[in-house]
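# My questions concern the predicted model and sequence given below.
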Amino acid sequence: MISCASYLRKVLDPSSLTRVTRQIAKVLNNQQFDAIAISGLSGLLVGPVVSVTMKKPLVVVRKDETSHSSYEIETSLPNGVTWNYIILDDLICLGHTVERIISTIGRQFSQTKCVGIVLYHACCINKWVRNSDESFPVFDAT
């Protein structure tokens, strides 16, 4: 019996993780972006593999303030430089994670822009309504 949350099954198995990251790279192959933003456990499993595969820097946004670190964001990207990023996430239901990633990055790196979202577990965006006029594509890599 497998003991993990259903959304992690795809990324805990090495052959499945390979398929998922290849599909994400395929979906993003012709997209223009400078970095990959992630959050949470599944993002930390998928994001670094895609980052290395695509040769794009990683932006890790912490989930909350209960961390051992005082940094909300971990990245090698400099502040004061314009860069566009995509968000990798397992799914979107209500959009709280995506909104938190966008607002956290925006607070600390004002010259950045989210240019897309890639979902790699389930495409569940019917309940999510953006709280801003800014729009960007959502790619399904499931």
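Perfect, thanks for sending it.
# quick one, strands of this structure?
Using DSSP state E, the strands of the chain run over residues 35-38, 58-61, 73-75, 83-91, 112-122, 138-140.
# Distance check, the most centrally placed residue in the chain against S110.
Against the mean C-alpha coordinate of the chain, by Cα atoms, centre = their mean, the closest residue is L88 at 2.5 Å. Per Cβ to Cβ, to the nearest Å, L88 is found 22 Å from S110. In short, each C-beta sits where N, CA and C put it, glycine included.
# Do you know the pLDDT at the closest residue to L8 other than its chain neighbours?
The spatially closest residue to L8, leaving aside those adjacent along the chain, is S42, at 5.8 Å (Cβ to Cβ, 6 or more residues apart in numbering). Reading off the confidence values, S42 has pLDDT 82.
# count of residues packed around S42?
If you count neighbours by other Cβ atoms under 10 Å, S42 ends up with 22.
# Kindly report the same for the one 4 residues further on.
One way to gauge burial is a neighbour count; for V46, by other Cβ under 10 Å, it gives 25.
# Same question for R19.
R19, neighbours per other Cβ under 10 Å, totals 12.
# now swap in the one 10 residues further on and tell me
N29 has 8 neighbours, counted by other Cβ under 10 Å.
# Next, find the distance separating it from M54.
Where M54 is concerned, N29 sits at a distance of 9 Å (Cβ to Cβ).
# At which residues are the helices of this protein located?
Taking DSSP state H to define them, one finds helices in the chain at 6-12, 14-28, 40-54, 96-108.
# picking up where we left off before, surely the residue nearest to L8 touches R9?
No: in this structure S42 lies outside contact range of R9 using Cβ atoms under 8 Å: 10.1 Å.
# For the strands of the chain, give me JSON lines that also has distance to P48 and mean pLDDT.
Formatted as JSON lines, the strands of the chain follow (distance: least, Cβ to Cβ, whole Å; pLDDT from 0 to 100):
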{"stretch": "strand 35-38", "distance to P48": "8", "mean pLDDT": "96"}
{"stretch": "strand 58-61", "distance to P48": "6", "mean pLDDT": "95"}
{"stretch": "strand 73-75", "distance to P48": "12", "mean pLDDT": "88"}
{"stretch": "strand 83-91", "distance to P48": "10", "mean pLDDT": "88"}
{"stretch": "strand 112-122", "distance to P48": "14", "mean pLDDT": "84"}
{"stretch": "strand 138-140", "distance to P48": "19", "mean pLDDT": "71"}
